[in-house]
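Chemist: I need the structure of the sequence given here:
(chains A and B)
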Amino acid sequence: MTTDQETQIINQIIGGDTQAFALLVDRYKDLVFTLAIRMLKNREEAEEVSQDTFIKVYKALSKFKGDSKLSTWVYKVAYNTCLDRIKKNKRRHDEVAIDSFTENQLKTLDNALNLMEEKEQQQTIQDCLQELSGKDSFLLTLFYFEELSLEEISKTVNMEANTVKVNIHRARKRLASILKQRMDPETIQHYERARS
Amino acid sequence: MKEQEAKELEKLVAKAMKKSALETPSFQFTDKVMAAVNAQQQTSTINYTPLIPKYIWFSIVALVVGITVYLWYTLQPAPLDFQMPSFNFIKEETFSQEFKAFTPSKITSYAVMLLALMLCVQIPMLKQYVNNRKA
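Modeler: From the prediction side, this is the model:
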């Protein structure tokens, strides 16, 4: 969907055609829900927060000036709604310590991941993302799924682009640490055996 | 070497993120959002409308004026003869005379006292109830 089409839909909605909003919901619901689930680590809460996000978007649609992409704005609303929920719950996710890796260790992890079956791979990665802190998970999802630029992510999470870059790098390291913990020791041993 | 490590890390995470599928919300997600949005729309379009519209007020006024005028001309043909009421209450003392003549029975006075007492008890209780409901 191009920005022109989105502008047209926004104008339709502001003009009173409420049903046109369903198009926007369908377009963004998966990613908004994924971002919420990665932040909140709870399916039910993520669904509630995603609904709240879209209702907020609908209410504020007339104030959207179009100086950024609609998607960036929607993700920003989602991020803030998630933060509000986390604040309300007074829950804090403990951050995983960053391990240092050698190139070989990383290659071993990569290959061990390759040896897993597709379903097992997906499950392991989902579990790792579940363990990662909400903010790290959010940043990685935006970076890899939506392929947003650092500039766009910085607008979404209200941070400097450089800070976003550093945070994404740390998030990568933490994800690798969790992956290593998850796969240790059996899978890696299995991989070593398979290699030898 | 460090750069190589960073590249390797990026490769690993990119691959892992590619494997993690997007989550999908429940089947009726869009319907639920649209229902909430439509409810929002309806509440925002409800405007204040008075319980009794203006035209009913006008017809009530017209009816009252009409009946008054009708009664004035049909039922009271004789000229009005107002007798100025006397404001000299001290001299006449009709009200106080009547009041003196009235002596309530014992049961009535007990009932009135009990009513006053109940009222005094109910006032603080109701006040507390209303305050609690507000909070």
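
Chemist: so which residue is dead centre in chain B?
Modeler: B:L51 (12.2 Å; Cα atoms, centre = their mean).

Chemist: any idea of the pLDDT on it?
Modeler: pLDDT for B:L51: 84.

Chemist: where's it, which helix or strand?
Modeler: Counting by DSSP states H and E, there is no helix or strand that carries B:L51.

Chemist: enumerate every residue touching A:Y144.
Modeler: B:13-14, B:17-18 (Cβ atoms under 8 Å, 6 or more residues apart in numbering or on different chains). For glycine as for every other residue, the C-beta is placed from the backbone atoms N, C-alpha and C.

Chemist: tell me the one of those residues nearest B:L75?
Modeler: B:M17 (94.3 Å; Cβ to Cβ).

Chemist: among the contacts of A:Y144, name the buried ones.
Modeler: Among the contacts of A:Y144, those buried by neighbour count (16 or more other Cβ atoms under 10 Å in any protein chain shown) are B:13, B:17.

Chemist: tell me which two in the contacts of A:Y144 are the farthest apart.
Modeler: Maximum distance among the contacts of A:Y144 (Cβ to Cβ): 9.5 Å, for B:V13 and B:K18.

Chemist: lowest mean pLDDT among the helices and strands, pick that one out for the chain.
Modeler: Going with chain A. helix A:186-195 (a mean of 60; mean pLDDT, DSSP states H and E).

Chemist: wait, chain B was what I had in mind.
Modeler: helix B:89-92 (a mean of 62).

Chemist: now do stretch A:154-169: distance from first to last residue.
Modeler: The first and last residues of stretch A:154-169 sit 14 Å apart, counting by Cα to Cα, to the nearest Å.

Chemist: interface residues of chain B facing chain A?
Modeler: B:1, B:4-6, B:8-26, B:29-30, B:32-34, B:36-38, B:40-41 (Cβ under 8 Å from any Cβ of the partner chain).

Chemist: mind giving me the PyMOL command for buried ones among the residues you listed?
Modeler: Burial among those is assessed by 16+ other Cβ under 10 Å; the matching PyMOL selection reads:
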select buried, chain B and resi 5+8+9+12+13+16+17+19+20+23+25+29+30+32+33+34+37
